[in-house]
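Chemist: next input, structure requested:
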Amino acid sequence: MKGNWLLPENLADVLPAEALQIESLRRRMLDLFKGRGFELVLPPLVEYLESLLPNAGQDLRLRTFKLVDQLSGRTLGVRADMTPQVTRIDAHILNRPGIVRLCYCGPVLHARPAGLIANRELLQIGAEIYGHAGLEADLDIIRLALECVAMAGVRQPALVLCHAGLVRAIIESDAQAVVRADEIMSLLRDKDLPGLAELRLGPQALKALTVEALEVLPKSYGDLKSLAHAQTLLPKLPGVTDAFEAFKFLIKSLGHPHVSIDLSDVGAYGYHSGITFSIYADGWYDALVQGGRYDNVGQSFGRARSAAGFSLDLRKIAKDLWHTSKPKAIFASNEESSDLKKLVTELRESGEIVVQLFSQEKPPHDAFLFDRQIVQVDRQWVVQSIPST
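Modeler: Modelled structure (predicted):
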């Protein structure tokens, strides 16, 4: 018989030491966002399905838990991504003119895991810039994302750039490609060259020039030389030209030592509209951060706005931090002494962690490193270091 303490698949408890690191990282990242003028919003965990998924792709729809609201009888969705909610707030609730910078943090739930070992409950944090179509917004968002992974202690992150406008320009040059856009995007994500070659065949065949251009994309990844070579092979469509100019501007402006391109690192067709990016690092099985430009999403809420942003899962990015940097703490007795209470209060108000132990209690807490203790010396309570063993 299974115990009633067992959790559903791909869901897990977060224990004290790791939870402390996640919360510490959450606070520091939100302070980072605040210091750059981003305003915090907190959308609800559950919304009516039609407002939660106004123009979502099939993948996001499959990940969204659905339930019936007992008050209204309408179908609700438990959010699987907070970005559409923040876009709704900008477009419909705030409805401000000009540039708006918003940030957010909260749990999201996936009906299906994104991968074999992925959790279904994420703690998503992110930032968005609305109302600026220039590449300066993309640049700021990418820099902010890189600061976040550096704050989490990730060393030598690899930044990979793509451009949804480039792929869209190729697809929209061929009416039959537009009909098969979702299939094409899936083939590109999988770098399925045989599958792309088969797009020439059958009653829904694409133009030969379209297939040739699509076949270039999975082979185009790497440094600036790869970028220059891809540019010579792709058609001189306005969207393609604009994409390469954007790549060159961002790569030069970022000056990041580990930046590359991958022209088939695409998302869902019709969602992103410009630069997209992912951040990878050794030790993680997939992207730590994903972001980009999605100028069309707000249209579903009655206000099309330029938009660029990113998000990451705090639980995933903090998974290796809990055993490397435990906060230092002080332990003391639990005696009823006014002088002891005064000292403990002063230490706590100054930011120290002080744990008053009950009789016969030991300080084995996994979340803290006890390096000091409060002892009584000549009738005075003082803090002393604990000799290392």
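
Chemist: which helix or strand contains the nearest residue to L233 once chain neighbours are set aside?
Modeler: Counting by C-beta to C-beta, 6 or more residues apart in numbering, the nearest residue to L233 once its immediate chain neighbours are dropped is V216, at 4.8 Å. To be clear about C-beta, it is placed using only N, CA and C from the backbone, and glycine gets the same treatment. If you go by DSSP states H and E, V216 is part of helix 208-216.

Chemist: buried residues in that helix?
Modeler: Using 16 or more other C-beta atoms under 10 Å as the test for burial, helix 208-216 gives 210-216.

Chemist: with pLDDT and distance to V167 as added columns, please give those in CSV.
Modeler: Output for those, formatted as CSV (pLDDT from 0 to 100; distance: C-beta to C-beta, whole Å):
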residue, pLDDT, distance to V167
T210, 93, 12
V211, 93, 14
E212, 93, 14
A213, 93, 10
L214, 93, 8
E215, 92, 13
V216, 93, 11
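
Chemist: dump these into CSV; add distance to G35 as well.
Modeler: Below are the buried residues of helix 208-216 laid out as CSV (distance: C-beta to C-beta, whole Å):
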residue, distance to G35
T210, 46
V211, 48
E212, 48
A213, 43
L214, 43
E215, 45
V216, 42
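
Chemist: and these, which is closest to D81?
Modeler: Distance to D81 across the buried residues of helix 208-216 (C-beta to C-beta) is lowest for L214, with 27.4 Å.

Chemist: put the alpha carbons of the helix holding V216 into PDB.
Modeler: Provided in PDB are the C-alpha atoms of helix 208-216 (Å, rounded to 0.1, in the frame of the first residue of the first chain):
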ATOM      1  CA  ALA A 208      12.400  24.600 -53.600                       C
ATOM      2  CA  LEU A 209      13.900  27.900 -52.700                       C
ATOM      3  CA  THR A 210      12.000  27.900 -49.400                       C
ATOM      4  CA  VAL A 211      13.200  24.500 -48.500                       C
ATOM      5  CA  GLU A 212      16.800  25.400 -49.400                       C
ATOM      6  CA  ALA A 213      16.600  28.400 -47.100                       C
ATOM      7  CA  LEU A 214      15.100  26.400 -44.200                       C
ATOM      8  CA  GLU A 215      17.800  23.700 -44.600                       C
ATOM      9  CA  VAL A 216      20.400  26.400 -44.000                       C
END
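
Chemist: chain center to that helix, what's the gap?
Modeler: Helix 208-216 has its C-alpha centroid displaced from the chain centroid by 32 Å (C-alpha atoms, centre = their mean, to the nearest Å).

Chemist: so which residues make contact with it?
Modeler: Outside helix 208-216, the residues that touch it by C-beta atoms under 8 Å, 6 or more residues apart in numbering are 170-171, 173-174, 177, 184, 187-188, 193, 196-197, 199-200, 206, 230, 233-235, 263.

Chemist: and for stretch 75-88?
Modeler: Here stretch 75-88 makes contact (C-beta under 8 Å, 6+ apart) with 41, 43-49, 51-54, 56, 60, 63-69, 102, 104, 106, 108-111, 124, 126, 128, 130, 294, 297-298, 301, 305, 307, 309, 311.

Chemist: again with stretch 357-366
Modeler: 15-17, 329, 331-334, 355, 370.

Chemist: can you check stretch 339-349 too?
Modeler: Stretch 339-349 has contacts (C-beta under 8 Å, 6+ apart) with 330, 332-333, 354, 356, 374, 380-381, 383.

Chemist: quick one: mean pLDDT over that stretch.
Modeler: Taken as a whole, stretch 339-349 has an average pLDDT of 95.

Chemist: output the lowest mean pLDDT helix or strand found in the chain.
Modeler: Lowest by mean pLDDT, DSSP states H and E among the helices and strands of the chain is helix 58-63, with a mean of 81.

Chemist: neighbouring contacts of the helix or strand just after the helix holding V216?
Modeler: Elements were assigned by DSSP H and E; along the chain past helix 208-216, the next helix or strand is strand 221-222. By C-beta under 8 Å, 6+ apart, the residues outside strand 221-222 that reach it are 160, 260-265.

Chemist: Y104: which element?
Modeler: Assigned by DSSP H and E, Y104 falls within strand 100-109.

Chemist: which strands or helices does that strand pack on?
Modeler: helix 16-35, strand 39-40, helix 83-88, strand 121-130 (3 or more C-beta pairs under 8 Å, 6 or more residues apart in numbering; DSSP states H and E).

Chemist: so for the shortest one, what's the average pLDDT?
Modeler: Looking at strand 39-40 alone, the average pLDDT works out to 97.

Chemist: how about the longest one?
Modeler: Per-residue confidence for helix 16-35 averages out to 92 on the pLDDT scale.
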